[in-house]
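Asker: next input, structure requested:
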Amino acid sequence: MSMRNRVVDLYKNLYHMGKEYPGGSKWFHDRLKLAFSKNKDVQDVTQIEQLIARGEFVIKEIEALYSLRKYRAMKQRYYDKDDEVMQATKKFEDSVQKL
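Answerer: Numbering: from 1, shown residues only. Here you go, the predicted structure:
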């Protein structure tokens with residue numbers, strides 16, 4: 001896969017993930033466009049690789065954010081707020097933050 005295709009795929013993935021971003025999809029898409037346009041003139045292959053790696057890291061962080069949001073919503077629906085559940089929630093949130 002060429003470098004250009006990798007960058008375009010990264011942009012598409014991030015754009016798609018931003019549709020459900022808690023801060024608003026417009027805010028996310030504007031920031032995404034700004035980040036990519038800021039680095040559009042980069043020619044160095046190693047620097048492009050670093051930027052792609054950073055983008056993939058952002059994807060993993062967004063996935064963790066979404067799974068945490070879904071977990072919290074499910075927890076509110078199905079569990080009482082007792083100490084055992086609160087401890088389990090804290091443990092899960094800590095493990096997600098370590099990602």
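
Asker: alpha carbons only for contacts and neighbour counts from here, please
Answerer: Noted.

Asker: what is the neighbour count of the nearest residue to residue 19 once chain neighbours are set aside?
Answerer: Nearest residue to residue 19 in three dimensions, chain neighbours excluded: residue 25, at 4.8 Å (Cα to Cα, 6 or more residues apart in numbering). Residue 25: 16 surrounding residues under other Cα atoms under 10 Å.

Asker: hang on, residue 25 packs against residue 16?
Answerer: No - contact criterion Cα atoms under 8 Å: residue 25 and residue 16 do not qualify, at 9.5 Å.

Asker: so for stretch 24-37, what gets flagged as buried?
Answerer: Across stretch 24-37, burial judged by 16 or more other Cα atoms under 10 Å covers 25, 28-29, 32.

Asker: and the most centrally placed residue in the chain, what element?
Answerer: Nearest to the centroid of the C-alpha atoms of the chain, with distances taken as Cα atoms, centre = their mean, sits residue 62, at 1.8 Å. Under the criterion of DSSP states H and E, residue 62 resides in helix 45-78.

Asker: now do that helix: distance to the chain's middle.
Answerer: Computed by Cα atoms, centre = their mean, to the nearest Å, the separation of helix 45-78 from the middle of its chain amounts to 3 Å.
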